[in-house]
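J.: what follows is a predicted protein model with its sequence.
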Amino acid sequence: EPAPIVSSITYPSSQTAASAGDVITITGTGFKSGATVKFISGGGTNYASPTVARTNSSTLTAVIASGMSAEGAYDVNVANPSGLGASLENGVTIDGLPVFSTASGSLGTMVAGQSANFTIAALEDSVAIASFALKTGNALPPGMSLNSTTGVISGAPAAVETDTTTTFIIIATDAENQTSERSFSITVQYASVYSLILGDT
């Protein structure tokens, strides 16, 4: 049988790099059932993909191995059960995920109607993260908003009838469109109209 050919690699979503656990798509020809995938570092270390799935003779999906922590380019090798194989040189680039420096959990407590702000911070390789966003289906306390560039949550929360804690998830995205997420909460305290006029918290 002819040896397989590895033509290209596609990262998940709109990413331009991958990290451990990501599923990449490998395109080529001659992929047989039972094909295996290895990632080979510049130093020659082999990392076997823990999960490989064959869509058809021209498409495979493979999970990036957990041990691939060193950033950089790796060759991608596909081998059929017959032993025939092929590699794509520097086929996949491994890059670190965003790392939050703001601890998860409560960001603080504020009084309804009074302005306040909280900052969410995250880095990747000591470089500021490209953007922040609320995870789909999540919401901040009414009256507050997230600055997608700075990670600052600010505003004057709307009135509440009782002390109310809102929990939400923030997604940090780096320059390679890789993401990390973390859960936070903000508590808004009840404030009567009388106390707001007097400035009594």
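T.: Yep, that arrived. Just so you know, these numbers come straight off a predicted model, no measurement behind them. Numbering: from 1, shown residues only.
J.: and the residue nearest the centre of the protein?
T.: residue 179 (1.8 Å; CA atoms, centre = their mean).
J.: show me where this structure has helices.
T.: Ranges of helices in the chain, per DSSP state H, are 193-198.
J.: where does it have its least confident helix or strand?
T.: The weakest-scoring helix or strand in the chain, judged by mean pLDDT, DSSP states H and E, is helix 193-198 (a mean of 48).
J.: picking that back up, quick one: the residue nearest to the centre of the chain from residue 53, how far?
T.: As judged by CB to CB, to the nearest Å, residue 179 and residue 53 stand 23 Å apart. Any C-beta I mention is one placed from the backbone N, CA and C, and that applies to glycine too.
J.: tell me the buried residues in stretch 25-39?
T.: Neighbour-count burial for stretch 25-39 flags 26, 27, 28, 30, 31, 35, 37, 38, 39 (criterion: 16 or more other CB atoms under 10 Å).
J.: residues in contact with that stretch?
T.: For stretch 25-39, the surrounding residues in contact (CB atoms under 8 Å, 6 or more residues apart in numbering) are 1-10, 46-49, 52, 54, 56-62, 64-65, 68, 74-82, 86, 88, 92.
J.: stretch 153-165 too?
T.: Outside stretch 153-165, the residues touching it (CB under 8 Å, 6+ apart) are 106-107, 110, 112-120, 140-147, 185-191.
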